[in-house]
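Enquirer: model the structure of this input:
(chains A and B)
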Amino acid sequence: GAVVSQHPSWVICKSGTSVKIECRSLDFQATTMFWYRQFPKQSLMLMATSNEGSKATYEQGVEKDKFLINHASLTLSTLTVTSAHPEDSSFYICSAQGGLGYEQYFGPGTRLTVT
Amino acid sequence: RKEVEQDPGPFNVPEGATVAFNCTYSNSASQSFFWYRQDCRKEPKLLMSVYSSGNEDGRFTAQLNRASQYISLLIRDSKLSDSATYLCVLNYGGSQGNLIFGKGTKLSVKP
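Expert: As a prediction, the model looks like this:
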């Protein structure tokens, strides 16, 4: 149980384009989903927290107009990186939280490379 | 001072060795503590939660010292498959999660 999928697993895009990443909880309903980013040899950094049906809460320093988050259902959240730049190249990981506990279940991550 | 500090390693140990990692945290309001493992280019996976009374899961033992604000992970009888980066993680409680990750300690178990 508690499986989270992400799609795509990797993507290469050109500077200026937008990329959408999907995060799905496959066998449970996720009341809260989190989006993290990890640069090489760095720790995971929380970007934003989203609850189904409401606006995401962004961490300080994360541009909400650049990283659009939609949590339209209890099993799906999407992160759209708009007008991507090479410095946005990173490993993006989502996690989902649901049920009775506070445990977070992580997706396999999406490796984004912007050329 | 960083919220979560870990020795980045790498710790290179032979199979069968016992190895211990420590992690210190700065915010005494931290409520929950975890050890995650992360394999290269993969997502983190929960290894174990850390309780005040200490807890053991097979070859893994975790300890929490709130007074000194550190947690530890002991791995006995290391296996090659234990090679990974071990992340010290905490949160401040509440329903929002707010996990704070350390940078991790890299372990390499050699034959």
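Enquirer: alpha carbons only for contacts and neighbour counts from here, please
Expert: Fine.
Enquirer: what helix or strand is whichever residue of chain B sits closest to chain A on?
Expert: Here chain B gets closest to chain A at one residue, B:K103, 4.2 Å apart by C-alpha to the nearest C-alpha. Per DSSP states H and E: B:K103 is located in neither a helix nor a strand.
Enquirer: ok, residue 55 - contacts?
Expert: Using chain A. A:69-70 (C-alpha atoms under 8 Å, 6 or more residues apart in numbering or on different chains).
Enquirer: that was the other one, I meant chain B.
Expert: Contacts of B:N55 (C-alpha under 8 Å, 6+ apart): B:61-63.
Enquirer: helix, strand or coil for the residue of chain A found nearest chain B?
Expert: The nearest approach of chain A to chain B comes at A:S43, 4.2 Å away (C-alpha to the nearest C-alpha). Under DSSP: H, G, I helix; E, B strand; the rest coil, A:S43 falls in the coil class.
Enquirer: measure it to B:I100 for me?
Expert: Applying C-alpha to C-alpha, to the nearest Å, the value for A:S43 to B:I100 is 9 Å.
Enquirer: out of the two, which sits in the busier spot?
Expert: Taking other C-alpha atoms under 10 Å in any protein chain shown, A:S43 and B:I100 do not tie; B:I100 has more neighbours (22 against 17).
Enquirer: SS state for the more buried one?
Expert: Applying three-state DSSP: B:I100 is strand.
Enquirer: next: B:L74.
Expert: Classified using three-state DSSP, B:L74 is strand.
Enquirer: just want the most central residue of chain A.
Expert: Centroid check for chain A by C-alpha atoms, centre = their mean gives A:W35 as the closest residue, at 3.6 Å.
Enquirer: my guess is it contacts A:F91, does it?
Expert: No. A:W35 lies out of contact with A:F91 (C-alpha atoms under 8 Å); the separation is 10.6 Å.
Enquirer: quick one: contacts for B:L64?
Expert: B:50-54, B:70-72.
Enquirer: ranges for the strands of chain A?
Expert: A:4-7, A:10-13, A:19-25, A:32-38, A:45-51, A:57-58, A:67-73, A:76-81, A:90-97, A:104-106, A:110-114 (DSSP state E).
Enquirer: any idea which of these scores lowest on pLDDT?
Expert: When the strands of chain A are compared on average pLDDT, strand A:104-106 comes out lowest at a mean of 87.
Enquirer: okay, now the sheet partners of it, with direction.
Expert: strand A:90-97 (antiparallel) (DSSP bridges).
Enquirer: just the contacts of B:L64 now: which is nearest A:V19?
Expert: Nearest to A:V19, judged by C-alpha to C-alpha, of the contacts of B:L64 is B:V50 at 37.4 Å.
Enquirer: ok, the closest one to B:F34 distance?
Expert: Relative to B:F34, and taking C-alpha to C-alpha, B:V50 is found at 5 Å.
Enquirer: would you mind listing what in chain A touches chain B?
Expert: Proximity of chain A to chain B, by C-alpha under 8 Å from any C-alpha of the partner chain, involves residues A:32, A:41-46, A:49, A:93, A:102-109.
Enquirer: buried ones only from those, please, as a ChimeraX command.
Expert: In ChimeraX, this line selects whichever of these come out buried by 16 or more other C-alpha atoms under 10 Å in any protein chain shown:
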select /A:32,43,44,45,46,49,93,102,103,104,105,106,107,108,109
